[in-house]
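K.L.:
The sequence and its predicted three-dimensional model are supplied below.
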Amino acid sequence: MDEAEKRIKEIEERIKKDEEGLNSLREEAGVSEDSECIFCKIVRGEVPADKIYESKNFLAFLDNNPKASGHTLIVPKQHYKDILDIPNSLASEMLDDIKKIGLNLINEGKGDGFNVAVNVGESSGQVVEHAHIHVIPRKQGDGLKAIA
Ligand code: 5GP
Ligand code: ZN
């Protein structure tokens with residue numbers, strides 16, 4: 001390893017330490033949102049979104065590249081990378097919100113049913129690294145494919 005490579009490695013290690021330090025400070029302060037995260041920005045109102053519902057710990061808004069009209073995303077207000085990081089204590093509220101959003105889509109005539117989809121990790125199709133649940137209205141013969 002030459003001098004330049006060594007220096008780069010040192011800098012990378014320092015950045016990693018700084019990031020770890022920052023994360024633990026965030027945790028201590030109870031501030032876990034990520035300043036650059038698009039969904040955190042939506043939660044903070046810094047980026048516009050068609051918000052449709054809000055509970056204590058979750059926000060629901062329309063997907064801006066919908067698979068079907070009414071395609072909704074439910075996101076925790078706190079920044080969690082994917083659903084593996086969402087504490088189980090929020091599970092009941094999350095399920096309640098999924099039911100409310102899904103039933104509301106049916107009542108609005110957007111679908112006769114709906115898919116609930118969660119992507120975890122890049123291979124599954126997760127693009128936004130802030131946990132989210134897709135609620136996609138479905139109608140007989142709409143041409144959409146069900147994953148499962
Ligand atoms: P993923 O593939 O990560 O499970 O899904 C991310 C979803 O977020 C995609 O369906 C995409 O269309 C949606 N999305 C990405 N950026 C934005 C945004 O800035 N606003 C809204 N409303 N939806 C977004
Ligand atoms: Zn976030």
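P.N.:
Sure thing, it's come through. Residues are numbered from 1 along each chain as shown. Ligands and ions are numbered 1, 2, ... in the order given.

K.L.:
For the residue lying closest to residue 81 once chain neighbours are set aside, pull up the helix or strand it's in.
P.N.:
Residue nearest to residue 81 in three dimensions, not counting chain neighbours: residue 129, with 5.3 Å by Cβ to Cβ, 6 or more residues apart in numbering. All C-beta spots, glycine's among them, are computed from the backbone N, C-alpha and C. Assigned by DSSP states H and E, residue 129 falls within no helix or strand.

K.L.:
same thing with residue 20?
P.N.:
helix 3-29.

K.L.:
so does that helix get close to ligand 2?
P.N.:
No. Using Cβ under 5 Å from the ion, helix 3-29 stays clear of ligand 2, coming no nearer than 11.7 Å.

K.L.:
Moving C-terminal from that helix, which element do we reach first?
P.N.:
helix 38-44.

K.L.:
which residues touch that following helix?
P.N.:
Outside helix 38-44, the residues that touch it by Cβ atoms under 8 Å, 6 or more residues apart in numbering are 33-34, 47-49, 59, 61, 73, 75, 77, 79, 128, 130, 132.

K.L.:
Ok, stretch 135-144 next?
P.N.:
60, 66-74, 98, 101-102, 105-106, 110-117, 146.

K.L.:
So which of those residues belong to strands?
P.N.:
By the criterion of DSSP state E, membership of the contacts of stretch 135-144 in strands covers 60, 72-74, 113-117.
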